[in-house]
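> Below: sequence and its predicted model.
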Amino acid sequence: MKLKPLSLVLATLAVLGLLWAPFLIVGAPREPTMGFVQKIFYFHVPCAWVCFLSAFVCAFGAIAYLFRDAEWGERLAASSAELTVVFGLCTLVTGPLWARKAWGHWWEWDVRLTLTLLLWMIFIAYLFARRYGGPGGKKLAAGLAIFGAANVPLIYLSVSIWRSIHPKTSVVPTLDPGMRPAFWVSFLTFTILYFVLLEARVALERARASLDALYLEAEDRGLFDGDPV
Amino acid sequence: MTPAVVADGVYQAYGRQPALRGVSLSLAAGQATALLGPNGAGKSTLLRILSTLERASRGTVQWSGREADAETRASIGLVAHESLCYADLSARENLTFFGTLYGVADPAARATQLLARVALDAAADRAARTYSRGMLQRLALARALVHSPRLLLLDEPLTGLDRQGTQLVIDLLVEEKARGTSLLVVSHELLAIAPLCDRVLVLARGRIVKDEPLTATSDLARIYDEAVA
Amino acid sequence: MSYASWVMRLVWKDIVVELRRKELVYASIFFAGVVLLVFAFSFLGGERPTLDVAAGVLWVTVALTGTLGIGRAFEREREGDTWRALLLSPLPRTALYVGKLVSLCLLMSLVVATAAFGVGLLFGAPLADHLGGIALLLVLGVVGFSAIASLFAASLGRSRSRDLLLPLIVYPLVVPVLIAGARGTAGLLTGEDPALPAFWMRFLFVFDLIFVTLGLWTFEPLAASEG
C-alpha cells in the first residue's frame, strides 16, 4: 500500500509525539493531592476529546451519505464510529482509575463520564446496526450517528441538571503552568494519531469497496464461470 | 407517445451478489410484456426498481419521462408476493383506504366497482384474513388497479388461483391493456399468460437474454426454453 | 387532499385495525403490569420505596413497554407487506412518519396512563395530587420517545435481528427523556424545588421539537427506500 506524503508526515509526527510525551509527563510537576495517579489525566483527557471529535466526524460523514448519497461519507462515518468506540473505551477505562483515587469510588455519575458512556453505547449500537441491520443497515447506522450527535448537548444538559442537586465534585483541576507542555503535547499527539488511524481505516474501506467492484466486474465478464461462488 | 417506463443500464448488486447487470428496456402503453426467467434471475429486483421501491445503484429509470416522484408513484400499480392489504380490514375497506391515499375521486364507488369485477362482492365486508389464497390474489389485483395506473407490474399474479379465477384475472388484464395500460407480467404459468402478452423478455443471471414479440401463443414456452438453454 | 387529512386517514386506519385486534393495547398494558409487579417484588420486604424510586419505575416501564409496542406495531405493517403498499402510494413520505407517530403516541398514552395508575397503587405514590403536571410530563415524554422509536423501527425494514436492534438503538438515545421524566415526576411528588418540574417540561418540549424535526428530515433517506 502506498502512503500519501501527508499521511506519512502525520504518522511520523504521531510517533514522535508518542515518544516525546512520556518524558514530558514524567517531568511535569506532581499534583499535591492525587500524586502519581494524576498522570492519567494526560492520557484520559485527550482520549475523551478524540472520542467526541470522532463522533462528530462520523455524523458529518453520515449526513453526506444520507443526503448526498456519497459513498466516501459512509466510509468516513464507519471508520470514525469504530475510532469513537476505541477512544471511548480508553476514556472509560482510565476515568474510573482516576475516579477511584480522586473520589474514592470507581464510578461517579459525573456529567462527563455519563455523557461519554452514553455516547460510547450509541456508537456500539452504530456498529451493530451497520453489521446486522440487513440491506438498509448502512443507512440505519448513519441515521443513528446523526441522532446520537444531536443528542450530545441534550444528554449533557439533562445529566448536569440531574446531578446538580447532588454534591458536586470538581473534575478537572486548574492546570498548573508546569503541566501545560505535557498536556498539550499529549493532546496534539492524540489528535494527530486519530487522523492517522482514520486515514488508514478509510483507506481500508476504500480498498474493500474497490475489491468488491473488481470482483463484480470479474464475475460479470465470466471469470468465475463454471466455478459458482 | 412516451413509453410507460424506460430503464437504461440498470445495475444492482447486494455486496458481492450482482442481481441485475445492466438491464435496458422500454415498455410501451397498451402493451403486455411477459418477463420470464429462472429463479434468481433478478426478476423481483427488477420489479422493485420499476415500482420505485428500490433505487438502482447504476443506470437510470424514467416513468413517462419522469423521475421517481409522487406523481410517478401515483401512476404505478403493483401486485407483489404479499397481498399489500390489511388482513384486519375487509376488502371494501382496503380498497377504499388505498383509493383515498391515491386521491381517487369517489373511493367507495370505485371499490364497489372493482369488487364486482374481481368477483369478491359477496365477501366484500369480511376481514381479508378470512380469505383463501385465490381471493387474496384477486383482492391484491383490485388494490393495484384502484387508481387506474398507467403501468401495472405483476409478480406471479396467478398464484393460488383456480381455473375460473385465472380466467377472470386474464380477462381483466386484457381489458386493462385495451385501456392503454402497460403491463409487465412475471409468471411461470406460461400457458395461462401467453394469450395476454405481445412481447417476451427473458432475464437470466441479471441480463436480458431475449426480447421478442410474441406472435403465436404456443411460442412462449419455446422462446423461454431456447433462451435459458 | 391536504397533508393533515392524509395523516388523519393513516391514523384512523391504525385505530380501526387496533380496535379489531386489540392485541397491541392489551398486550402492552399487561406487559406494563408485569413489569410493575417485578419492580414491586424486588423492592418488597424493605422499607416503602421512596418517591424517587416510584418515579423511576414509572419511566422505566414507559421505556420497556414503548419499544415492545412500537416494534410490534411495525411488525403488523409487515404482515401483508402493507408498509410497502404505503411507500408505493403518492403520499408525501413524511405523512407516513407523522401518521405512525400520532398513532403510536395515542397507543402509548393509553398504556402510560395505566402504568401511572399502577405505580400509584403499588408504590403508594400520590400521583393523583399532581395529575396535570404528571400527565403533561408523560405526554411530552411519549412524543419524544415515539419520535425516535418509530423512525428507527420503520428503518429497520427487513433486518432479521430487528427485535434485538430496536431497543439497542433506542434506549441510549432516549436517556434524556428518561432522566427528564423521572426527575420531573420525582420533583412534582416530593415538591422539593418547584422550579425543577417546570424546567424538565421545557426540556422535554425542546427535546421533542429537535427529534421530531430530525425525524421528518431523515425519514425519506432512512425509511422510504430499500437497499
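Good, I have the coordinates.
> Flag the shaky bits of chain C, pLDDT-wise.
C:1, C:44-46, C:226-227 (pLDDT under 70).
> residues from it in reach of chain A?
C:148, C:151-152, C:155-162, C:164-165, C:168-169, C:172-173, C:175-176, C:179-180, C:183, C:192-193, C:196, C:199, C:203, C:206-207, C:210-211, C:214, C:218, C:221-222, C:226-227 (Cβ under 8 Å from any Cβ of the partner chain). Bear in mind the C-beta positions are built from the backbone N, C-alpha and C, glycine included.
> Over to the residue nearest in space to the middle of chain A: give its phi and psi.
For chain A, the residue nearest the mean C-alpha position is A:Thr84 (2.6 Å; Cα atoms, centre = their mean). The phi/psi pair for A:Thr84 (degrees, to the nearest 10) reads phi -60, psi -40.
> list the contacts for it?
A:Cys51, A:Ser54, A:Ala55, A:Cys58, A:Leu119, A:Trp120, A:Phe123 (Cβ atoms under 8 Å, 6 or more residues apart in numbering or on different chains).
> If any of the residues of chain C next to chain A are buried, give me the ChimeraX selection for them.
Applied in ChimeraX, the following selects the buried portion of the residues of chain C next to chain A according to 16 or more other Cβ atoms under 10 Å in any protein chain shown:
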select /C:148,151,152,155,156,157,159,161,162,165,168,169,172,173,175,176,179,180,183,196,203,206,207,210,211,214,218,221,222,226,227
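> average pLDDT across the helix ranked longest in chain B?
Longest among the helix segments of chain B by residue count, using DSSP state H, is helix B:163-178. Averaged across helix B:163-178, pLDDT comes to 95.
> Show me what the following helix or strand past that helix is packed up against.
Downstream of helix B:163-178, the next assigned helix or strand under DSSP states H and E is strand B:182-186. Judged by 3 or more Cβ pairs under 8 Å, 6 or more residues apart in numbering or on different chains; DSSP states H and E, the packing partners of strand B:182-186 are strand B:32-36, helix B:43-50, strand B:151-155, helix B:163-178.
> all strands of chain B, in order?
B:5-14, B:17-27, B:32-36, B:58-63, B:76-79, B:151-155, B:182-186, B:199-204, B:207-213 (DSSP state E).
> Direction included, what does the first one pair up with?
Take DSSP bridges as the rule and strand B:5-14 pairs in its sheet with strand B:17-27 (antiparallel), strand B:58-63 (antiparallel).
> looking at chain A, which helix or strand is least sure?
In chain A, no helix or strand scores lower on mean pLDDT, DSSP states H and E than helix A:5-27, which sits at a mean of 84.
> hmm, whatever helix or strand comes next after that helix touching chain C?
Next helix or strand after helix A:5-27 toward the C-terminus (DSSP H and E): helix A:41-68. Yes. Judged by Cβ under 8 Å from any Cβ, helix A:41-68 and chain C are in contact via A:Leu66, A:Phe67.
> Show me which residues of helix A:41-68 are buried.
A:41-55, A:57-66.
> Also stretch A:209-217?
A:Tyr215, A:Leu216.
> Give me the pLDDT for the nearest residue to A:Trp20 once chain neighbours are set aside.
Excluding its sequence neighbours, the residue lying closest to A:Trp20 (Cβ to Cβ, 6 or more residues apart in numbering or on different chains) is A:Val185, at 6.2 Å. On the pLDDT scale, A:Val185 is placed at 88.
> what's the answer for the one 10 residues further on, then?
For A:Phe195, the model assigns a pLDDT of 94.
> Farthest pair within the contacts of A:Thr84?
A:Cys58 and A:Trp120 (12.6 Å; Cβ to Cβ).
> Distance from the chain centre to the longest helix that chain C contains, please.
Ranked by number of residues, the top helix in chain C under DSSP H is helix C:93-123. In terms of Cα atoms, centre = their mean, to the nearest Å, the centre of helix C:93-123 is found 5 Å from the chain centre.
> what comes up buried for stretch C:86-97?
So for stretch C:86-97, counting by 16+ other Cβ under 10 Å, buried means C:Leu86, C:Leu87, C:Leu88, C:Ser89, C:Pro90, C:Leu91, C:Arg93, C:Thr94, C:Ala95, C:Leu96, C:Tyr97.
> In chain B, what helix or strand scores lowest on average pLDDT?
Result, chain B / mean pLDDT, DSSP H and E: helix B:219-228, a mean of 84.
> Outside of that helix itself, list whatever touches it.
With Cβ under 8 Å, 6+ apart, helix B:219-228 has contacts from B:34, B:36-38, B:190-191, B:193-194, B:197, B:200, B:202, B:204, B:209-210, B:212, B:214.
> so how far is that helix from its chain's centroid?
21 Å.
> next one: stretch C:126-141
Counting by Cα atoms, centre = their mean, stretch C:126-141 comes out at 15 Å from the chain centroid.
> and it, which residues are buried?
Applying 16+ other Cβ under 10 Å to stretch C:126-141 flags C:Leu127, C:His130, C:Gly133, C:Ile134, C:Leu136, C:Leu137, C:Leu138, C:Val139, C:Leu140, C:Gly141 as buried.
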